[in-house]
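> Predicted structure and sequence below. I'll ask about it afterward.
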Amino acid sequence: MHGFRLHLREDGRHHGLRCLALALLALTGCSKLPDKPVLVHRDNMPNVVLITMDTVRADHYTSRLAATHFPNAYSTSDWTLPSHASIFTGKYPSTHGAVCTGAVDNWLTELDPKHDTLAELLGRNGYRTAAVVANSEMLDASSKLDQGFHYYNSKRADVTAEGVELIETAHGRGEPLFLFLNYMEAHAPYTPPVGQAELQAAVDALNYKGQAPDPKQLRQWVEAYDRGIAQVERQIGIVVAKLQTLGIYDNTLLIVTSDHGEAFGENGLMEHPVSVYQNQIHVPLVIKYPRQTTSSTVTEAVSGVDLLPTILEIAGVAVQPSVDGVSLLHLPKERFVYAERFPCGADNNDRRLGVRKLAAMQGDRKLIWNVDGSADKTEAGLAPAQATVGFDLRKLQTPNTGKQVPVSPERLERLKSNGYAR
Ligand SMILES: [Zn+2]
């Protein structure tokens, strides 16, 4: 599955191939329907291990876990903060408000403490809550994504080593654990470093001046990106092996997903956050439910907002009606999910990147709206009249103006060197 290619699922040819692949899976013992997990008694609360592989796009990732695979999963946004805030609250970016709308030195909006987060809800219900986060720039405590975590380390720790330690400690104490791990190996600068300065120059040249990158260099970056994904997969394997060794894998809810993808020249764009095209929002989602031993596939469009209701249901915690997501155990047919792009910093002034956008997805169909109400038909598979169901387009014209986090000059320099700001 690895390699550079444009992946547009609206294309009938690709759709046919996908159906064929599903048919083959069915023949080899996989079913299209999810295994119904056994909901556990409160005395036997499952561990919850939630892993985000930062920046991993769906068409560059394959998981061999015996689990439920969601080939039409979407992040709610094209970058780290809003997407993680959606996973943690079950709400879309325009509802939770942790987005960016401001100028380059005042652009992050923290997650409002009024939202009940996954960590808060699980913590109140007897879970030990812990996070080890590699994306220290976007997910540090100033984002307020640490709400509800008993332990939150965003200081560039060894994510796997510390995650394994937290699992051992909670197991030793007999505490049910909610563990959140975020990996950065697939994020630029790609590992091992392949000319970050050249990469940044190529990103700026394509995104802002329309100058195509050198094809040979582009190929090298894609290969390095894929090596980063393989590294993350090895780390996840270590975490899984630890759970198995301790004999608690069976009673663990394991979720592996990503917060957004990465562009490699498709639609004349590079890196992220740049759009709500497939390369930016189509992400892996693999869920190993407690007691699940065989694989299955669910083809409905699903979203990061669905993780909170799903996790809470399996943990036996009530879900509030205010969340936008639904439990994946009771997935309605023909449902729409959404992703939003809020232009950031210098992008606000750019002709292409400064446009706020909304993507609506249903099954494997999609339509993108621009802030002025016009349809961006680049990936159109849905008719405009269909794609507005369930989302108030007026929200596009009234961007959230939550509390913004001032960015210090030192942080601004780091953001610039990482390509987040210009
Ligand atoms: Zn990210």
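Thanks, I have the structure now.

> top helix in this structure by residue count?
Ranked by residue count and defined by DSSP state H, the top helix of the chain is helix 215-245.

> Who are the packing partners of whatever helix or strand comes next after that one?
Going down the chain from helix 215-245, the next helix or strand is strand 252-257, by DSSP states H and E. Contact analysis of strand 252-257 by 3 or more CB pairs under 8 Å, 6 or more residues apart in numbering; DSSP states H and E lists strand 47-53, helix 215-245, strand 285-288, helix 307-315 as its packing neighbours. All C-beta spots, glycine's among them, are computed from the backbone N, C-alpha and C.

> got TSV for the ones you listed, with mean pLDDT and mean neighbour count too?
Shown next, in TSV, are the helices and strands packed on strand 252-257 (pLDDT from 0 to 100; neighbours: other CB atoms under 10 Å):
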stretch	mean pLDDT	mean neighbour count
strand 47-53	98	25
helix 215-245	96	17
strand 285-288	98	25
helix 307-315	97	23
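
> Using JSON lines, lay out the ones you listed together with distance to the ion.
Shown next, in JSON lines, are the helices and strands packed on strand 252-257 (distance: least, CB to the ion, whole Å):
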{"stretch": "strand 47-53", "distance to the ion": "8"}
{"stretch": "helix 215-245", "distance to the ion": "12"}
{"stretch": "strand 285-288", "distance to the ion": "15"}
{"stretch": "helix 307-315", "distance to the ion": "16"}
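
> Including distance to D59, could those go into CSV?
Converted to CSV, these look like this (distance: least, CB to CB, whole Å):
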stretch, distance to D59
strand 47-53, 14
helix 215-245, 11
strand 285-288, 13
helix 307-315, 21
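
> For the protein, what lies in contact range of the ion?
D54, T80, D259 (CB under 5 Å from the ion).

> Return a ChimeraX selection command for the buried portion of those residues.
Typed into ChimeraX, the next command selects the buried ones out of these (criterion: 16 or more other CB atoms under 10 Å):
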select :54,80,259
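
> give the contact list for the residue of the chain found nearest the ion.
Proximity of the chain to the ion (CB to the ion) peaks at T80, 3.1 Å away. Counting by CB atoms under 8 Å, 6 or more residues apart in numbering, T80 touches D54, N135, M138, L139, D259, H260.

> just the strands in the stretch 101-250 of the chain please.
Ranges of strands within the stretch 101-250 of the chain are 108-109, 128-133, 151-153, 177-183, based on DSSP state E, counting those that start in this stretch.

> Turn the ones you listed into TSV, columns for mean pLDDT and distance to G373.
Shown next, in TSV, are the strands of the stretch 101-250 of the chain (pLDDT from 0 to 100; distance: least, CB to CB, whole Å):
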stretch	mean pLDDT	distance to G373
strand 108-109	78	24
strand 128-133	97	37
strand 151-153	97	40
strand 177-183	98	35
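
> can you redo those strands as CSV with mean neighbour count and distance to T68?
Output for the strands of the stretch 101-250 of the chain, formatted as CSV (neighbours: other CB atoms under 10 Å; distance: least, CB to CB, whole Å):
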stretch, mean neighbour count, distance to T68
strand 108-109, 26, 33
strand 128-133, 24, 24
strand 151-153, 17, 28
strand 177-183, 26, 20
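
> ok so, going back, can you say which two of the contacts of T80 are spatially most distant?
By the measure CB to CB, the contacts of T80 have their two most distant members at L139 and H260, which lie 12.9 Å apart.

> what about the two, which has more around it?
Legend: neighbour count by other CB atoms under 10 Å for L139 and H260, higher for H260 (31 against 25).
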